[in-house]
Every structure is written in structure tokens, then in C-alpha cells.
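Enquirer: this one's sequence-less:
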């Protein structure tokens, strides 16, 4: 079964929705206009219930099927990024310093397209919960929605989501049972020594040398402390210190992003990071303060649900266009909190060649929206058939 004909007929309308969202990006939890636009479309579509103001600007809307049954959740994130757009498109962002550089406008459009079809046909049992989530990029809106009780409040039994994937062949779905995306933690290290003249280092306590030693030693954690088959990444991404060529500074700082898939590895990385920084601080006679930000957990698909989702995807795009054992990746995603709360799965949908995610020239491929919407619709019909 290819893209559903009824959803294909919405293509131009969906493109209009997506372009409006793209022109009016909003950040983090401040998705007020985005949420209002979504709520207006949901009312036009004719869903049964709209619950607004969850996690500040999030929405959960309900569509009831033809008979009683469980509730399945479908999630789309809706926030943008603090980036100046360079696409030059007619529908480019009208908000300086903000753009949909990750395709969340496309995710919302896919879910709205599925909602329109499901509200018209109602060819399923139970209920569909449409979850429109703010603050995926910054703030963990998925965690907040779970903490505010959406799973219990709406009786959600399982939950699914899609992320677009530029430079993956158009229409190809990718997923895998178990870990799909990594956890992400961020460490900020602030080092204090004793500044002075570069000509008299013996009178100083040099934080620059301490930073260099710490950063080099941190790079030994993964090859020497982590089992070789347990993927992990530590990347030092910033080092800041100094003001002049002849001054040894008083302070220095660096930060690192730390990513893996297993909780025990995550604990180990944190432990070794602290030990190395604290040990080097003592060795170099500096003081070091570590702010270790425990971020999103790994996105871990439930095995049966991942296999089921892949089977549904095969109906929509064909068996050759589904990779059900795709490589996991080191990016992170706060859909992880929803998968911790309920069984379900997350998938990637290829959108073909183009600029990568978080790039100022990125733009979602509108042709992918009916594909994603058809997947969501068939997922509901397959998961909750009318008896």
C-alpha cells in the first residue's frame, strides 16, 4: 500500500500549513502562536477534544474511533532553533534569529495530516492522542509533558514519533529495536589558578596548562575505561581563557558533550570525568568546579513496537525502503522520556538530498509530509483495528 490516496489529496493544504509554520518559528516553550495555529487546524479538522497549555504551550488532542479500546499516542515536536535562515525560500522565516532548521514544522504537518484523515475515516477502535510538544531542542518539553501526567490523564498505552532525515533516500524509514539515539550530558569545568606575567610563570599557578592536561586525559576515558563494543563519545567543544599574549590568566574553562547508550556506561563516564578533572586540579595546584548537566536519556525503542512500526512502514513505502535494523546514532531526542513512560518506537523518515539538520540552509521536503502522515494513519488502523 503506497501513500494513502485521501492523504495524498491533502498535499497542497499540508504544504500551506508547513509554510506558515516555517515563516513563524518560535523557540523552546514559547510556542504560543504555533500552538494557536495548530489548535485552529484541529478545530477545523473536527477532533473530539483539544487540551491546551500542557508544558506551557503543548497540546494533546483526542480523536475517538468507532468502538471502545486503548489509546495510542502520536507525537510531533513544534519548536524551532535560534539560527538565521539562509534558504532564500519564499516561505523563509520572518523572525530574525529563528528558523525551523530541524524540520519540526514538517513533523507538525505530518501529524495534522494524519489527524485530518483519522477524524474523517475513524477506521479504528479506541482513541488517538495527538501530542504536539514544545521545547525539544532546549528544555526537555517531552519530559515536562510526561511529568504533567499526559500518559495517565489521557490513558495513553503506547506512543510513536517520527523525525525527518535529510540525505537519507527519500521515503526510506529507519529504526531499530533497543537504543536508537544516545543520552546526552554536558559538563562545564571552571578552573582557577593565579594569574601574572607570562615572563614569570614560577610566580603563577597556570590554569592554561591545567586545561590542556585535563582535556588530553579526558580523551583516554573511552578507549581505556569503556568496553570497546559500548559506543560512547566525549567531545570537548569549548575552551576559553586568556586576554593577552604576555599574561597568564587567572581563570579558564572548558565544556564537553558526553553521549552513550547504556545507563551503566553513562554513570562510568561521569565518574571518570570527575576523577580526572579533580586529580589534575590537585596535580596542577588549581581549583576546579564542575557543573555536570544530566541531559536527555537514551532513546530506547521497545522491541515489539519497533518491529510493528517497521512492518507498518513497509505497507506505506515498500519493503525495500525500510531498514528495521538501522545503525543507532549519537544524536539525542527528548522523545526518550515518553518511551521511558510507555512502550513505543521512534523512526527516521528520509527526505532526500539537502542541507543537514541545524544548518541555516535546511528546509523540510514537503513531499515527505504525506508519507509521514500515511504512516501515522496506518499505524493507528493496524494497532487498533475495529473488531
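Expert: Everything's here; your move. Note that the coordinates shown come from a computational prediction; the quantities given were computed from them, not determined experimentally.
Enquirer: quick one, phi/psi of residue 313?
Expert: phi -60, psi -40 (degrees, to the nearest 10).
Enquirer: Quick check: can you list the domain ranges of this structure?
Expert: For the chain, automatic domain parsing gives the domain ranges 5-181+298-383, 183-294.
Enquirer: model confidence over the longest one, on average?
Expert: Which is domain 5-181+298-383. Averaging pLDDT along domain 5-181+298-383 yields 98.
Enquirer: Residue 245 - nearest residue in space that isn't next to it in sequence?
Expert: Closest residue to residue 245 apart from its sequence neighbours, by C-beta to C-beta, 6 or more residues apart in numbering: residue 198 at 7.2 Å. In short, each C-beta sits where N, CA and C put it, glycine included.
Enquirer: so that neighbour makes contact with residue 246?
Expert: Yes. Between residue 198 and residue 246 there is a contact under C-beta atoms under 8 Å: 4.3 Å.
Enquirer: When these two are compared, which one has more neighbours?
Expert: Taking other C-beta atoms under 10 Å, residue 198 and residue 246 do not tie; residue 198 has more neighbours (15 against 7).
Enquirer: Tell me which residues touch that one, please.
Expert: 245-248 (C-beta atoms under 8 Å, 6 or more residues apart in numbering).
Enquirer: Quick check: phi and psi at the nearest residue to residue 23 once chain neighbours are set aside.
Expert: Nearest in space to residue 23, with sequence neighbours left out and distances taken as C-beta to C-beta, 6+ apart, is residue 94 at 5.0 Å. Per-residue torsions, residue 94: phi -100, psi 0 (degrees, to the nearest 10).
Enquirer: go on, residue 239?
Expert: Torsion angles, degrees, to the nearest 10, at residue 239: phi -140, psi 130.
Enquirer: Name the nearest residue to residue 38, ignoring sequence neighbours.
Expert: residue 132 (5.4 Å).
Enquirer: Quick check: the one you found vs residue 277, distance?
Expert: Distance from residue 132 to residue 277, counting by C-beta to C-beta, to the nearest Å: 41 Å.
Enquirer: quick one: contacts for residue 186?
Expert: Counted by C-beta under 8 Å, 6+ apart, residue 186 has contacts 255-258, 292-293, 295.
Enquirer: Over to residue 109?
Expert: 14-15, 17-18, 21, 369, 373.
Enquirer: After the helix or strand harbouring residue 307, which helix or strand is next? Please name it.
Expert: Using DSSP states H and E, residue 307 falls within helix 303-317. With elements assigned by DSSP H and E, the helix or strand that comes after helix 303-317 is strand 322-323.
Enquirer: Quick check: next helix or strand after that following strand?
Expert: Taking DSSP H and E, what comes next after strand 322-323 is helix 335-341.
Enquirer: nearest to residue 170, of the contacts of residue 109?
Expert: residue 369 (12.1 Å; C-beta to C-beta).
Enquirer: tally of neighbours for residue 30?
Expert: 15.
Enquirer: so how many other residues sit close to the closest residue to it other than its chain neighbours?
Expert: Closest residue to residue 30 apart from its sequence neighbours, by C-beta to C-beta, 6+ apart: residue 57 at 6.9 Å. Residue 57 has 25 neighbouring residues, counting by other C-beta under 10 Å.
Enquirer: hang on, residue 57 packs against residue 33?
Expert: No. Contact criterion C-beta under 8 Å: residue 57 and residue 33 do not qualify, at 9.3 Å.
Enquirer: distance of residue 335 from residue 238?
Expert: Relative to residue 238, and taking C-beta to C-beta, residue 335 is found at 27 Å.
Enquirer: Between the two, point out the one with more neighbours.
Expert: residue 335 (26 against 10).
Enquirer: Now do the contacts for the closest residue to residue 175 other than its chain neighbours.
Expert: With sequence-adjacent residues excluded and distances taken as C-beta to C-beta, 6+ apart, residue 175 is closest to residue 347, at 4.2 Å. For residue 347, the contacting residues are 160-163, 173-175, 309-310, 313, 375, by C-beta under 8 Å, 6+ apart.
Enquirer: Mind doing that once more with 6 Å?
Expert: Contact analysis of residue 347 by C-beta atoms under 6 Å, 6 or more residues apart in numbering lists 162, 173, 175, 309.
Enquirer: in what helix or strand does it lie?
Expert: Residue 347 belongs to strand 343-350, assigned by DSSP H and E.
Enquirer: Relative to residue 339, how far out is the residue positioned nearest the centre of the chain?
Expert: The centroid of the chain falls nearest to residue 333 when counting by C-alpha atoms, centre = their mean (3.0 Å). Distance from residue 333 to residue 339, counting by C-beta to C-beta: 9 Å.
Enquirer: Next: residue 23.
Expert: 32 Å.
Enquirer: Which residue of the two possesses the greater neighbour count?
Expert: Higher neighbour count among residue 23 and residue 339: residue 339, with 26 against 18, using other C-beta under 10 Å.
Enquirer: Now do the contacts for the more buried one.
Expert: Contacts of residue 339 (C-beta under 6 Å, 6+ apart): residue 300.
Enquirer: Which elements pack onto the helix ranked longest in the chain?
Expert: Taking DSSP state H as the assignment, the helix of the chain that covers the most residues is helix 263-284. On a contact count with 3 or more C-beta pairs under 6 Å, 6 or more residues apart in numbering; DSSP states H and E, helix 263-284 meets strand 183-192, helix 207-218, strand 287-294.
Enquirer: for the ones you listed, which one sits closest to residue 318?
Expert: strand 183-192 (33.3 Å).
Enquirer: Parallel or antiparallel, which strands does the closest one pair with?
Expert: strand 251-260 (antiparallel), strand 287-294 (antiparallel) (DSSP bridges).
Enquirer: Could you dump those into CSV with distance to residue 126 added?
Expert: Shown next, in CSV, are those (distance: least, C-beta to C-beta, whole Å):
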stretch, distance to residue 126
strand 251-260, 37
strand 287-294, 36
